[in-house]
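In: Fold the stuff below for me.
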Amino acid sequence: MATPAAVIRRALIAPFELLGTFLLSGLFSILPRGVAHALGRRMGRWAYFLSPRSRNVAKENLQLMLGVDAAGAARIAERSMRLAGAAFSDLLRAPRMRRLLARRDVEIPEETWQAIDGIRRGARGAVFAASHFGNWEFANLCGPYSALPQQTVVIRPIPNPLLHRYLAWCRGRTGQRLILRNMATTEAFHLVREGGICVITFDLPVPPDSGAVPVEFFGRPTYTTLGVGYVAAVTGAPVYLAHFEPMGGCRYRFVLTGPLQAAAGETLRATATETTRNVSRALESCIRARPEAWAWWLKRWKVRPDGARGGWPSYSVEVSWHWPRGTAPRRDHA
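Out: Now for the predicted structure:
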């Protein structure tokens, strides 16, 4: 819980954060997308050097999870933050987002078109497992322009309520709907049953008391939200890992991997957990193929199960937790 001093400090800083973001948004909106992207990448590079906490987290994650040396970790971490800066520039340019831009700068392969056609013809909608891979902001903004059914994105509230409202307005400019995570479950079930698409980000650190379970991610049992698996298990909708893969410059490839939902298990929770494992394995494969495209500065391994083996980052905290009956995996604690 935040201290009174921290609450006061946050309240005093909030208007200046909003003003700074608003001014940046105005600047990026008047720039051509190529120039805005270049500036966003430069801002990401500045963030790499000016934020030692994020830089050190990224380098430690890379060394432990991919086994690269210090020089390789530094190189990948910097490229990762530069790509994140480009993603942020697209969010700030949301007021200028147009269908023509999406068609020009997004490549949709044939297999993705086939998946989209299958979703449109299905009795249910679909669940998109989103992550901080590629350009996640541009992916959400382009969703309504990709011949997909109605898209609803589950978001986390930003601590600064003024900034939260402004960025939510930016994210909704292209027609996607936004719902807060703490109010998402019932609405997600309803919209998927009605043929819509629910986009749920699943690669953020989640505490175990919020319903997360540890599933293997880069060889370690990592606490992961069951939101994607639960919505799929309850509605019977297909699950796809969805991301915009960088192609160089300002162009991205829209990739849908799946369907990834598990067969019905003994319990709803067991089915949801197995689906979550499938999605985590698919994301890990994408990251190993393009490590610079993922947000390595995230404290993804923040909470580790009591007694978990293997190398863990210095920022991780051990907690006592036991697998619910019927959900323990075969290999996660091996």
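In: what about the closest residue to Val317 other than its chain neighbours, distance to Arg309?
Out: Closest residue to Val317 apart from its sequence neighbours, by CB to CB, 6 or more residues apart in numbering: Val303 at 5.8 Å. Backbone N, C-alpha and C define where each C-beta goes, glycine included. Plainly put, Val303 is 15 Å away from Arg309 if you go by CB to CB, to the nearest Å.
In: Who has more neighbours out of the two?
Out: Under the criterion of other CB atoms under 10 Å, the comparison of Val303 against Arg309 puts Val303 first, with 20 against 12.
In: so the more buried one makes contact with Pro221?
Out: No: Val303 lies out of contact with Pro221 (CB atoms under 8 Å); the separation is 10.0 Å.
In: average pLDDT for the helix or strand harbouring Ala86?
Out: Counting by DSSP states H and E, the element that carries Ala86 is helix 70-92. The pLDDT scores in helix 70-92 average 95.
In: chain center to that helix: distance?
Out: Remark: helix 70-92 is offset 15 Å from the chain centroid, using CA atoms, centre = their mean, to the nearest Å.
In: Would you mind listing the residues in contact with the nearest residue in space to Arg99 that is not next to it in sequence?
Out: Counting by CB to CB, 6+ apart, the nearest residue to Arg99 once its immediate chain neighbours are dropped is Tyr145, at 4.8 Å. When contacts are counted by CB atoms under 8 Å, 6 or more residues apart in numbering, Tyr145 is found next to 99, 102-103, 174.
In: confidence score at Tyr145?
Out: 80.
In: before we move on, back to that, of the contacts of Tyr145, closest to Phe244?
Out: Sorting those by how near they are to Phe244, with CB to CB, puts Ala102 at the top with 10.5 Å.
In: Name the residue closest to the centre of this protein, please.
Out: Within the chain, the residue whose C-alpha comes closest to the C-alpha centroid is Ser131; the distance, by CA atoms, centre = their mean, is 2.5 Å.
In: what separates that residue from Leu31, distance-wise?
Out: Using CB to CB, we find Ser131 at a distance of 28 Å from Leu31.
In: quick one: average confidence on whatever helix or strand Ile8 lives in?
Out: In this structure, Ile8 sits in helix 4-30 according to DSSP H and E. The average pLDDT for helix 4-30 rounds to 79.
In: what angle sits between that helix and helix 70-92?
Out: Interaxial angle, helix 4-30 versus helix 70-92 (axes from the mean of the first three to the mean of the last three CA atoms, to 10 degrees): 70 degrees.
In: Show me how far helix 4-30 is from its chain's centre.
Out: Here helix 4-30 shows a centroid-to-chain-centroid distance of 23 Å under the convention CA atoms, centre = their mean.
In: Show me what it is packed up against.
Out: Using 3 or more CB pairs under 8 Å, 6 or more residues apart in numbering; DSSP states H and E as the contact criterion, the secondary-structure elements in contact with helix 4-30 are helix 33-50, helix 70-92, helix 161-171.
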